[in-house]
Each structure stands twice: as C-alpha cells, then as structure tokens.
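Asks: Let's see this in three dimensions:
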Amino acid sequence: MKRIASLALSLALLLGCLPTAMAVEDGPSPWAEEEVSRAVEVGLVPQSLQEDWQQPMTRGEFAMMVIRYLAVTYGRTDEQLVNDYMTYCPDRNDEFWGEEDFGDGLTWWQRFSDEKSGSCFTDLPTGEQRGYIQAAYHMGLVNGKGDGTLYDPEGTITRQEAACLLARVYQKLDPEDHRIALYSGYTDYSEMAIWAIDSIASVVGLDIMGSTSTSALTFDPLGTYSREQAAVTFLRLYKDAPVSATKGNVINLEEAAYQQELWEVFHKGDPGTNIPEFQADTPWGTVLAIRHRNMMHFSEELLVIYRDGRVQVLSAAKIGSDWSVNDSQDTFSYTVDGVQYQLDLTTRQVTPRSGS
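Replies: Numbers count the residues shown, from 1 in each chain. This next block holds a predicted model:
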C-alpha cells in the first residue's frame, strides 16, 4: 500500500511539474530572451506568434511580421498601415490606386482579408493571415512559388527567403545600397539562390543577419528561421538600422513615394553621373531637367515628381531650355524643340503656347 501511495505521489509531482517545464521549453532561448521581450513590448510580434519561440516560422507568419514591422515603424495599426500605404504609395506594379472605390464599400484591409473579394494566390487561408499575405503581395514584399499562383502559407520559410523579405521591407524606408561582397567570405555562397544573393548581401551588410557558425562564415540559405530569430531581427531593424523609428528619421508615409522617386532619379547609374541643369521645388512637387551620364550612355529628361509620388515626364529625350516657375509656384514654363509650353502644376495639364 505504501508503494502505491509513494508511486501516486511521485506521479502527481511529475505531472505537476510538466506545465512549468513545457513553459520553459516554449519560451525564447537564453540568448534571445531580452530582445524577444523587447520586441513584444514594442509591438513587433503579433499576439498569435507570441509562443513556441523556437519553432520554425512559416511563410504566412513571416508575412504577418513584415506588415507589423512597417505598422509599428509608421506608428499605425496593421489595418491603418495597409489602408494608408495603398492610398499614398504605388503597388508592386508601380500603379497608384489611392482611395479607389470598387463599389464594394470595403477598405483596402477589408478587401484583402475578405475571401469573397478574390485573391492573388489560390492557396490562401481564410483566417487572419489572408489579409497580411495579400497586403504584403500588393505592396511588393512577398512573391508566390512556382508559377506564382501558390504562396504556400504553411510552408517553412528558409533563411534566404527571410532575407529577401527583410531586404524588401527595409527598402521601403531606405533605398540606399547596403550590400557587401559575399563570395569572398561565405563558404556556402554557391548554395545561395541567384534571386536571393542581393538580398542576403543587404541584410548581412545591415548586420541584421549573419553567419550561423562561429568557426566559419556560413549563411545556411536553406535553413529554417525561428520565431525568436525573426523577433530579434525585426527589433534590430526597428532600433539599429540606418533609418529607423528609434532614430526618428523615417519619412512620413504620405511623402514616402515622393522621396523614393526623387532618390531614384538622382541615383541612376554611378554616383556623380546625374547632373541637374534645373531644379525647382514647389508645394506641388519637384521640377527637374537632368542629364544622365553613365559610361558611354548619355540621356536626359525633363520631368516632374509630384508630392504624391507620381511622375510626369514632359520630355524623355531632351531637357529643353527657358525653364521657369512663376511666383505663385503653380505654373512651370519651358521650351523644347522651339515650342514653348506651360504646365499647370495643380491640374498637371500641359499647354503649348507658341512655336518658332
């Protein structure tokens, strides 16, 4: 009888300890505890992902964290971020939709989440991930697999896939090139997919991903990426990247598309090869007459980059002459091939005035 009582007591103690042991195993690894805790505190980790920290992330879960990172960085909820981004910024095809009314009475977030509104992939779930994945796709952050019709939301994300998403989402804030050479250092460079090399070079250059070994430089491109690793990575982007929320140098979302277009015009080709002959910054946008000189290729263009990020090319072959903006800064006058033109910056309409 004593043996039975003793066995029962031992079993009770064992069962009583199981939840605690499981909780410890479920928690972050010692190396990640502090940063994971901070990432949760900041709001970078969706509630549904705040467990099983050492579990490999799926492609659907990583899409959720990509959207959440941008939302926290811009000081918005996930829903607000998606609605505002689709209103102020171009989609993955560089098309602007603004507050487009499709007659369904839905916001962009609702449209992406609603299973009745169609989808960009044939295998999307009906739960909370649906809206995140579709939003990330239209924002140019994620791609499909195979022929592009499948997303594989339950598939485990690889380290090189994670690097691509991290590089793309950070580029929304900072278009500068942060790539470093990989081929001379990483022993598994040949195992990296061609489509992932530039992104891996960027995240390694930003020091948010690196070697998986202390004895040699190995990226392990096909390896998995756990929830705790993702939380730590996004926290480092949030607080340590050259452009980050904690540094206070993130451009307002309403101006992001404008600043991105302006940066791209001045960074075509090699540094110092883009020479503006005329530049006028107005309340409506920036007027540019610019020459591009890269090796043996020479080109020039006359264009306007509006504050909403849209670009109007006035002349793709010649910059013309006689550029001027009136005192009220709402009219731009210029001459191309002997013909004088006026551009109404408020309506974006061009009118020929006279010719030789």
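
Asks: per-residue confidence at the nearest residue to residue 279 once chain neighbours are set aside?
Replies: Using C-beta to C-beta, 6 or more residues apart in numbering and skipping the chain neighbours, the partner closest in space to residue 279 is residue 288 (5.5 Å). For every residue, glycine as well, the C-beta is placed using N, CA and C. Residue 288 is assigned a predicted lDDT (pLDDT) of 95.

Asks: Quick check: residue 288 is in a strand.
Replies: Yes - under DSSP: H, G, I helix; E, B strand; the rest coil, residue 288 falls within a strand.

Asks: Enumerate every residue touching it.
Replies: Shown in contact with residue 288 (C-beta atoms under 8 Å, 6 or more residues apart in numbering): 265, 276, 278-279, 301-305.

Asks: Quick check on the residues you listed: which are buried?
Replies: 265, 278, 301-305 (16 or more other C-beta atoms under 10 Å).

Asks: State the phi and psi torsions of the closest residue to residue 222 other than its chain neighbours.
Replies: Ranked by C-beta to C-beta, 6+ apart and with sequence neighbours excluded, the top spatial neighbour of residue 222 is residue 158, at 5.2 Å. Residue 158 adopts backbone torsions of phi -90, psi 170, taken as degrees, to the nearest 10.

Asks: what's stretch 127-144 in contact with?
Replies: Contact with stretch 127-144 is made by 48, 59-61, 63-64, 66-67, 78, 82, 85-86, 89, 91-92, 108-109, 112-113, 115, 119-121, 124, 150-151, 153, 165, 168-169, 172, as judged by C-beta under 8 Å, 6+ apart.

Asks: So what's the model's average confidence on that stretch?
Replies: Averaged over stretch 127-144, pLDDT sits at 95.

Asks: got any ranges where the stretch 151-300 of the chain has weak pLDDT?
Replies: 269-272, 295-296 (pLDDT under 70).

Asks: Mind giving me the PyMOL select for the contacts of stretch 127-144, buried ones only?
Replies: Listed next is the PyMOL selection for buried residues among the contacts of stretch 127-144, using 16+ other C-beta under 10 Å:
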select buried, resi 59+60+61+63+64+66+67+78+82+85+86+89+108+109+112+113+120+121+124+151+153+165+168+169+172
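
Asks: Mind checking which of the contacts of stretch 127-144 are in strands?
Replies: Cross-referencing those against strands under DSSP state E gives no overlap.

Asks: secondary structure class for the closest residue in space to residue 208 that isn't next to it in sequence?
Replies: Distance criterion C-beta to C-beta, 6+ apart; nearest residue to residue 208, sequence neighbours excluded, is residue 236 at 4.8 Å. Following three-state DSSP, the label given to residue 236 is helix.

Asks: Next, the buried residues of stretch 324-338.
Replies: 325, 331-332, 334-336.

Asks: And for stretch 36-56?
Replies: Across stretch 36-56, burial judged by 16+ other C-beta under 10 Å covers 36, 39-40, 42, 44-46, 49, 53, 56.

Asks: Stretch 345-356 now?
Replies: Buried residues in stretch 345-356, counted by 16+ other C-beta under 10 Å: residue 345.

Asks: Restricting to C-alpha, output the strand or helix carrying residue 354 in PDB.
Replies: Using DSSP states H and E, residue 354 maps to strand 349-355. Extracted as PDB, the C-alpha positions of strand 349-355 are listed here (Å, rounded to 0.1, in the frame of the first residue of the first chain):
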ATOM      1  CA  GLN A 349      -2.100  69.800 -67.800                       C
ATOM      2  CA  VAL A 350       0.400  70.800 -70.500                       C
ATOM      3  CA  THR A 351      -0.500  73.600 -73.000                       C
ATOM      4  CA  PRO A 352       1.600  74.600 -76.000                       C
ATOM      5  CA  ARG A 353       2.000  78.400 -76.000                       C
ATOM      6  CA  SER A 354       3.900  79.200 -79.200                       C
ATOM      7  CA  GLY A 355       6.400  77.800 -81.700                       C
END
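
Asks: Now it: average pLDDT?
Replies: For strand 349-355, the mean pLDDT works out to 85.
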